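>>> Predicted structure and sequence below. I'll ask about it afterward.
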Amino acid sequence: MKQQEWNKGIYVNGTWLTLDKRMIVQNPATLATIGSVPDAGAEEAKQAVDAAQAAFASWSKTTAYERATLLERWHQAIEARLDEIAYVMTMEQGKPLAEARGEVQYANSYIKWYAEEAKRIYGETIPSSAVSKRIIVQKQPVGVVAAVTPWNFPAAMIARKLAPALAAGCTAVAKPAEQTPLTALLLAECAEEAGIPAGVINIVTTSRAGEVVDVWMEDSRVKKLTFTGSTPVGKLLMKKAADTVKKLSLELGGLAPFIVAEDANLEAAVKGLIQSKFRNAGQTCICANRIYVHEAVKEPFLQRLTEAVAALRVGVGTEDHVEIGPLIDDRAVKKVRQQVDDAISKGAVLHGNPELEGAVGYFLKPVVLSEVTDEMLCMQEETFGPIAPVSTYSDDADVIRRANATPYGLAAYVFTQSLTRAFMFSENLEYGIVGVNDGGPSVAQAPFGGMKESGLGREGSHQGIEEYLEVKYISLQLV
Ligand SMILES: NC(=O)c1ccc[n+]([C@@H]2O[C@H](COP(=O)([O-])OP(=O)(O)OC[C@H]3O[C@@H](n4cnc5c(N)ncnc54)[C@H](O)[C@@H]3O)[C@@H](O)[C@H]2O)c1
Ligand SMILES: N[C@@H](CC=O)C(=O)O
């Protein structure tokens, strides 16, 4: 890729606006500046809603077939620029290029899925208790949607929100994370190339998230907030949504338990754990966070795991064969170091060395911790980094109790060869997603989302489009 700097505008009402006030975008692997974007504020936030509200009048009246065609064209435009988008994502987010390519394909699978689902927004007729009445139920788009997304999946989180919103007939204002604005703007370029009309998608970049998002929260024309990010910010926005009674989808933090039963296929369990734990250097909401291994298989499991972890290649994501990139920033590195130090001080055993010699960027090497207990920080708070804390258990009911003893309820994993145990665990774990012998459950056709303080609503699948639809009941009296 030749271009070394990406300097872009924000996309509002089908126009690219460049502002004098700009913010730089940094490569977390090299700390080099790779570009800049406008540092927008309240004025641009309002302009975006004006544009989305104006566009809603016509977009909401298009046929499902027209919307499906445009979403399909958006999908094709992204496909045509897949390598470029993946490269920019690696530069601004740090994940290895192969993973970034995978994320662009994953993001695009939501656009494809909702291009198809647009045509399946079915209503209902319900038998009436009165001879002269007919009950008809229709689905209508909710209106302007505000989407706020995190840095860990710069393409997928935007696509997982905008695709169902557009398919339903909604228009959108979106704010990507300040660390990763370029990928979102490239997706908007693709939407423009695809012919999605002006104002249907508006992207506002800012370093002042509160200022921009508050404008949207206070504007009664914004009918829905779809947010992916941390639980504390999600709770704050939930409170703010109350004033205008906005609909809410919240995809928040996790603290996933990963249970390896005494009858697990250990090779599959280690493979699944590496996939779940170390994707995006451990920075995913569904990453295995607390690993519970039955004491009967602890030794062989630990041996396989430590060997597999030691073999993971860490480095700058654009270099060949790299499997683990940097963390997003210095704060993330400090949080992981604190969890490791806390665990060691409380008796955990460290396998490997997290420090990468000579590193310029925000690197930490993957490590395993054993002899871990539940009161350690790494078992209490979301890690978002490449450490695998292993604890043991001896009783199925007890490990379910420990796995559920958290306010989080996003994803959980169970590795077992017993069908009975698979059902027993998955039915008793208080989680929105359970991977049984599967370390990678995220797909566009399945409902993604959490229970408890991990969120509200579901993204993906046929359920995902319902989040952007109002139910209207028409009572028809035959006269
Ligand atoms: N459940 C899911 O699907 C899912 C997916 C990805 C990430 N996550 C979660 O996201 C978190 C990591 O992302 P993060 O660190 O970017 O989270 P974050 O909550 O700090 O930021 C998320 C978004 O909210 C914005 N934001 C921050 N403060 C705000 C405020 N006061 N008002 C309005 N907007 C504000 C940010 O700019 C960003 O765009 C983790 O907890 C992770 O589990 C959840
Ligand atoms: N890992 C999630 C996103 C949250 O981080 C996914 O698989 O979509």
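Sure thing, it's come through. Residues are numbered from 1 along each chain as shown. Ligands and ions are numbered 1, 2, ... in the order given.
>>> What residues does the stretch 51-200 of the chain have near ligand 1?
Val148, Thr149, Pro150, Trp151, Asn152, Phe153, Met157, Lys175, Ala177, Glu178 (C-beta under 6 Å from any ligand atom). Yep, even glycine has a C-beta here, placed from its N, CA and C like the rest.
>>> any idea which helix or strand carries the third one?
When secondary structure is defined by DSSP states H and E, Pro150 falls outside every helix and strand.
>>> give me phi/psi at it?
phi -90, psi 180 (degrees, to the nearest 10).
>>> try the last one
Dihedral angles of Glu178 (phi, psi; degrees, to the nearest 10) stand at phi -60, psi -30.
>>> Tell me which residues touch it, please.
Shown in contact with Glu178 (C-beta atoms under 8 Å, 6 or more residues apart in numbering): Met23, Trp151, Thr205, Thr206, Ser207, Ala209.
>>> right, is the one helix or strand Leu250 maps to up against ligand 2?
Using DSSP H and E, Leu250 sits in strand 247-251. No: under the criterion of C-beta under 6 Å from any ligand atom, strand 247-251 makes no contact with ligand 2; the nearest approach is 7.2 Å.
>>> Show me what from the stretch 351-479 of the chain comes close to ligand 1.
Glu382, Leu410, Gly450, Gly455.
>>> Narrow these to those that are buried.
Glu382, Leu410, Gly450, Gly455 (16 or more other C-beta atoms under 10 Å).
>>> Show the contacting residues for the last one.
To tie it back to what came earlier, the one meant is Gly455. Gly455 touches Gly234, Ser249, Leu250, Glu251, Leu252, Leu410, Gly432, Gly449, counting by C-beta under 8 Å, 6+ apart.
>>> Show me which of these is closest to ligand 1.
Among these, Glu251 lies closest to ligand 1 (C-beta to the nearest ligand atom), at 3.2 Å.
>>> Surely that closest one touches Thr228?
Yes: using C-beta atoms under 8 Å, Glu251 is in contact with Thr228, at 4.1 Å.
>>> Can you work out which residues contact both of these two?
Common neighbours of Glu251 and Thr228 (C-beta under 8 Å, 6+ apart) are Met157, Cys285.
>>> picking up where we left off before, mind telling me the two of the residues of the stretch 351-479 of the chain next to ligand 1 farthest from one another?
Glu382 and Gly455 (13.2 Å; C-beta to C-beta).
>>> Buried residues in the helix or strand containing Ala159, which are they?
Element membership for Ala159 (DSSP H and E) is helix 156-168. Neighbour-count burial for helix 156-168, with 16+ other C-beta under 10 Å as criterion, is recorded at 156-168.
>>> Need the mean per-residue confidence for that helix.
The pLDDT scores in helix 156-168 average 99.
>>> thinking again about what came up before, can you tell me which of the residues of the stretch 351-479 of the chain next to ligand 1 lies closest to ligand 2?
For these, the nearest to ligand 2 is Leu410 (8.4 Å; C-beta to the nearest ligand atom).
>>> Could I get the phi/psi values of the residue nearest to Asn265 when sequence neighbours are not counted?
Closest residue in space to Asn265, ignoring its immediate chain neighbours: Gln417 at 5.9 Å, by C-beta to C-beta, 6 or more residues apart in numbering. When read as degrees, to the nearest 10, the backbone of Gln417 gives phi -100, psi 0.
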